[in-house]
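[1] Quick one, what's the 3D model for this:
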Amino acid sequence: MNIGFSGIEAMLSGDPATGRFCHGDAPSMADVFLIPQVRNARLIEADLSPYPTILSIDERCRELAAFDAAAPENQLDAPTN
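    Presented below is the predicted three-dimensional model:
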């Protein structure tokens, strides 16, 4: 996982097209694919501190109603433990 996130962080932090989201200032499919990976990394308690660009994009996405509604824990069939 670290190798993949390291590559994504390097690409996002070095690309002038990166804005508030992966590509610009509006969410795109890139964000739709990235955010579940960040969630999975959190589930296994991975250290995400080396990836500040990824974390800031994740924070912005999680503020959006569409991302919140799509979160696994907000699905009708989500476990209620």
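[2] Give the buried residues for the one helix or strand Leu12 maps to.
    In the assignment (DSSP states H and E), Leu12 maps to helix 2-14. Across helix 2-14, burial judged by 16 or more other C-beta atoms under 10 Å covers 5, 8-9, 12. C-beta: built from backbone N, CA, C; applies to glycine.
[3] ditto for stretch 14-22
    18, 21-22.
[4] any idea of the mean pLDDT in that stretch?
    Average pLDDT, stretch 14-22: 96.
[5] relative orientation of the longest helix seen in the chain and helix 2-14 in degrees?
    The residue-count maximum for a helix in the chain (DSSP state H) belongs to helix 29-43. Between helix 29-43 and helix 2-14, the angle comes out at 140 degrees (axes from the mean of the first three to the mean of the last three C-alpha atoms, to 10 degrees).
[6] mean confidence for helix 29-43?
    Taken as a whole, helix 29-43 has an average pLDDT of 94.
[7] Which elements pack onto it?
    Using 3 or more C-beta pairs under 8 Å, 6 or more residues apart in numbering; DSSP states H and E, the elements in contact with helix 29-43 are helix 2-14, helix 52-62.
[8] what's the least confident stretch among those?
    Looking at the helices and strands packed on helix 29-43, the bottom one is helix 2-14 with a mean of 91.
[9] Packing partners of it?
    So helix 2-14, by 3+ C-beta pairs under 8 Å, 6+ apart, packs with helix 29-43, helix 52-62.
[10] Skipping adjacent residues, who's closest to the residue nearest the centre of the chain in space?
    Taking C-alpha atoms, centre = their mean, the centroid of the chain lies closest to Ile35, which sits 2.8 Å from it. Leaving out its chain neighbours, the residue that sits closest to Ile35 by C-beta to C-beta, 6 or more residues apart in numbering is Cys61, at 5.0 Å.
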